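**Student:** Provided below are the primary sequence and the corresponding predicted coordinates.
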Amino acid sequence: MKAGRFTIEEGDNSIKTTIAVVSSTAGKIFLYALNILLIAVVVLFFIGDIGIITLFIAVMEVLLFRYSLWNLYGSETIILKKHTLTYQQCYGFIKMPLRTVSITKTLRVIPFHENFQAGNQAMKLIFESIDERLQPVNLYQTSLPVSNQDYKTFMNAFNRFNKAHMEEYLLPLPQMN
């Protein structure tokens with residue numbers, strides 16, 4: 001999959017990142033045509049009074065419709081605050097609920113190259129923290145890949161954000177009397 005359209009907004013206490021699908025014209029035409037074809041088949045079977053086949057094809061259309069919405073209009077938003085990571089996936093006009101996970105200790109962002117083909121620079125981001133037992137835990141992995149340049153942009157913003165909030169994670173100095 002190609003790298004998504006990437007935007008980043010830095011606030012005082014948060015970083016908001018949005019990655020949106022970049023779909024090709026041929027892919028759009030194919031998905032629209034396939035959806036129209038399946039809807040036409042459902043209508044024809046419904047008119048022909050073939051119930052069980054109509055139900056099966058209608059379920060398949062729902063799955064294809066969701067897949068099509070994601071590949072045509074999909075985007076995901078990640079909001080990073082001091083103690084929380086919030087993410088949301090949008091399917092065009094359908095928005096999934098916001099999900100928030102708490103960051104217990106520190107947060108790392110790891111690039112993950114899913115496709116190792118020559119020349120492919122797109123990567124996904126893995127947000128990892130440490131739990132109470134000091135074990136690494138995967139908080140969230142992006143569904144859409146970002147380009148190498150977008151990753152560097154995000155990491156620069158992430159490092160500035162981390163540096164501004166790092167003193168909270170440091171241990172207090174011992175008091176010497």
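**Tutor:** Sure thing, it's come through.

**Student:** CA only for contacts and neighbour counts going forward, please
**Tutor:** OK.

**Student:** does Thr18 really touch Ile8, like I thought?
**Tutor:** Yes. Judged on C-alpha atoms under 8 Å, Thr18 makes contact with Ile8 at a distance of 6.5 Å.

**Student:** What count of nearby residues applies to the nearest residue to Glu128 once chain neighbours are set aside?
**Tutor:** Leaving aside its sequence neighbours, Glu128 sits nearest to Asn138 (C-alpha to C-alpha, 6 or more residues apart in numbering; 4.6 Å). Using other C-alpha atoms under 10 Å, Asn138 is surrounded by 14 other residues.

**Student:** Quick check: Asn138 touching Leu125?
**Tutor:** No. Using C-alpha under 8 Å, Asn138 is not in contact with Leu125, being 10.7 Å away.

**Student:** In a strand, the residue nearest to Glu128, correct?
**Tutor:** Yes. Counting by DSSP: H, G, I helix; E, B strand; the rest coil, Asn138 is found in a strand.

**Student:** for it, what are its contacts?
**Tutor:** For Asn138, the contact set (C-alpha atoms under 8 Å, 6 or more residues apart in numbering) comprises 126-129.

**Student:** Quick one: buried ones out of the residues you listed?
**Tutor:** 126-129 (16 or more other C-alpha atoms under 10 Å).

**Student:** taking those residues one by one, which sit in strands?
**Tutor:** Members of these lying in strands (criterion: DSSP state E): 126-129.

**Student:** Noted, bye for now.
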